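Chemist: build me a model:
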Amino acid sequence: MKQQSHNIPADSGHFPTDTAGLPEVSGSEVVELADGDTFDLRIAPVTKRLGDATVRMLAYNGSIPGPTLRVSEGSEVIVNFANEGDIEATVHWHGLRLDNRYDGTHETQAPIPVGGTFLYRIEFPDPGVYWYHPHIREDYGQEMGLYANILVVPADPEYWPAANRELLLTLDDVLVEDGKIAAFSRAETTYAAMGRFGNLLLVGGETDLALSAHSGEVVRFYLTNTANTRVFNVALPGARMKLVGGDSGRYEREEFVDSVILAPSERVVVDVLFEQAGQLTLEHRTPEQTYSLATIDVSVEAAEPSLAGEFDVLRHNAEWVAERERLAPYFDAEPDKTLALIAEMDMGVPEGPIVYACPMHPDVASDEPGSCPKCGMKLLATAAPTNYVCPMHPEVVSDKPDKCPKCGMKLLPAELVAETSGHGTHAHDHGGHEHAHHEGHAQHGHEDHTGHDQHAGHHEGEVHAQHDAGDGHEHHGHGHGDGHQHATADGIEWEDDMVDVNRITTPANTKWSFVDRETGAMNHAIDWQFRVGDQVKLRLVNEMDSDHPMHHPFHIHGAGRFVVLARDGVAEENLVWKDTVLVRTGETVDILLDVTNPGRWMAHCHIAEHHESGMMFSFNVAPADGEPTVDG
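Modeler: The predicted structure is shown next:
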């Protein structure tokens, strides 16, 4: 049954927000499923407490995250799905190589109407951590709480290193305004430019997650980024962290790390050794600030058995010796396909005199169209200001764009100063609401004091290894052929730097595209044909010659899995099977797709708003025996 908000009438064009009569969210469960088992899954609205607000959200089986499915490698289960949500739906089984008809996109099945059901037959050929989520208006569904993990237990008991226990955590954010999840239009996606950044961070669905551990305990953390757009950089100071796995199984070799970066939809598996008693904080670190994700109380009671000795061993996993030898010819080979990642923005031109300004850097303005010299973004036409003001000395006002006589800063249009005065560089209030998490504010005071830049463009497996400092490697931001240096040296937009403009961007004025550089085809016009057994080298070029240069997590559905071969021409040193790769601003990434499953498969940016704005395409895979693929 669909409820309508008292504040948002049924004919308003927005999704409902009213909480009246809805059940309270329940705790997430781990469901053990054996080969051949059947599981019932249902979408329905719930209420959930987020900080001081009780909001309407959507849940799988009443919980956020939904139930974790724990299955064995090589097994198959049946999922009976019922849609009692707000819109037609599908369920996408992210990262799984499965029968194409159950992939859960609009191209492989008819959308399931509200009140409808569908039977999924799901296979689990690969060990590791996966997840499921909507694939129709996923910008709305994921934000509202529709996400959950799948843990595929390896057939080999020695596959993972020894650990005392395992813990699955989803990383998310949500945008709350006026005590409700910020409104969504039924007709179109908003926040299409930057994606929808939240102002509350959720870990395991909670704003104030509290965990515990024993001294000497080794805990395996399966981390999944389920956010619409936010990239997470996760650290745990006071404990030792070892990278062991990624999207689809274990890394070529284990390594000790200081932090791990997860783009939307990526997974990382890390083992953590809690050596001493005390209270620790799981953190999200950006170049500007540090957020608390969860607290962990480590007791003086010693863990049994002690696995500290095993933890110190860094294993080189045997299957990757053969894989690296097989992949060796592809590192230097020319790509089979090259995709450019670009944006086009047309925000219209206001009446009367205009200037061209960068929404991310309001000090950049010009009388002529062009690009921002700081970030490469297209300058947008805005009404010419009547007055100019110094942001640091607002009493200094002029009718010309002079410099401030007090501090020498360029005077900015008064309208821009007024709009941005409440935001600051990264203190985004998303329309008057403080950027919040846990107690309602970002927690500072956890800066790195080692004297080195812990965010300086380290790419190998998207981790920051403990040997980064003083290792002799050059760490730098991305240089770009057009001379632009992106505002963030690491090529990642950690926050929404253009809140007011971003809010009004839609697919009508912001178009994100993949462009096949060989044919010029864009998005749905791309028509690639592969065959099971193909090894396809793809080159992903994140163009700076774009109206809005930005990072993109590139995701390929279950046609196969891929490895990252190189970034900006530098070979990847530690391989892992992937289904999503973060392509930073201005970066070129080479991947090798191992094609294993026939059917019609999708590839897209996993920033939900970019996907919904058209940044996607599909390709066909024919069976190995040459029989034609049946689409859909």
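Chemist: have a look at the protein and report its longest helix.
Modeler: Longest helix in the chain by number of residues, with DSSP state H as the criterion: helix 319-331.
Chemist: tell me the helix or strand right after that helix.
Modeler: Next helix or strand after helix 319-331 toward the C-terminus (DSSP states H and E): strand 337-345.
Chemist: now do the longest helix of the chain: which elements does it pack against?
Modeler: Contacts of helix 319-331 with other secondary structure elements, assessed using 3 or more C-beta pairs under 8 Å, 6 or more residues apart in numbering; DSSP states H and E, are made with strand 249-262, strand 560-567. From N, CA and C alone the C-beta is placed, and that goes for glycine too.
Chemist: and that helix, which residues are buried?
Modeler: Within helix 319-331, the residues scored as buried using 16 or more other C-beta atoms under 10 Å are 320, 323, 327, 330.
Chemist: ok, the third one to residue 321 distance?
Modeler: In this case it means residue 327. Noted for residue 327: a distance of 11 Å to residue 321, by C-beta to C-beta, to the nearest Å.
Chemist: how about the residue nearest the centre of the chain, phi and psi?
Modeler: In the chain, the C-alpha closest to the average C-alpha coordinate belongs to residue 264, at a distance of 1.2 Å (C-alpha atoms, centre = their mean). When quoted as degrees, to the nearest 10, the phi and psi of residue 264 stand at phi -50, psi 130.
Chemist: just checking, it touches residue 227?
Modeler: Yes - under the criterion of C-beta atoms under 8 Å, residue 264 is in contact with residue 227, at a separation of 5.5 Å.
Chemist: list the beta-bridge partners for residue 202.
Modeler: Using DSSP bridges, the bridge partners assigned to residue 202 are residue 172.
Chemist: dump the residue contacts of it.
Modeler: Residues near residue 202 by C-beta atoms under 8 Å, 6 or more residues apart in numbering: 50, 170, 171, 172, 173, 174.
Chemist: can you give me the strands for the stretch 251-400 of the chain?
Modeler: Along the stretch 251-400 of the chain, the stretches classed as strands by DSSP state E, counting those that start in this stretch are 267-274, 278-285, 290-302, 337-345, 354-357, 365-366, 380-383, 388-389, 397-398.
Chemist: tell me the buried residues in the second one?
Modeler: So the one you mean is strand 278-285. Within strand 278-285, the residues that qualify as buried are 280, 281, 282, 283, 284, 285, counting by 16+ other C-beta under 10 Å.
Chemist: save the residues you listed as TSV, and put in distance to residue 532 too.
Modeler: Written out in TSV, the entries for those read as follows (distance: C-beta to C-beta, whole Å):
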residue	distance to residue 532
280	47
281	47
282	41
283	43
284	40
285	42
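Chemist: all helices for the chain, in order.
Modeler: Along the chain, the stretches classed as helices by DSSP H are 138-143, 308-311, 319-331, 414-420, 499-503, 608-612.
Chemist: okay if I get those as a markdown table plus distance to residue 193 and mean pLDDT?
Modeler: Shown next, in a markdown table, are the helices of the chain (distance: least, C-beta to C-beta, whole Å; pLDDT from 0 to 100):
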| stretch | distance to residue 193 | mean pLDDT |
| --- | --- | --- |
| helix 138-143 | 13 | 95 |
| helix 308-311 | 44 | 95 |
| helix 319-331 | 35 | 95 |
| helix 414-420 | 16 | 59 |
| helix 499-503 | 5 | 82 |
| helix 608-612 | 8 | 92 |
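Chemist: much appreciated, bye for now.
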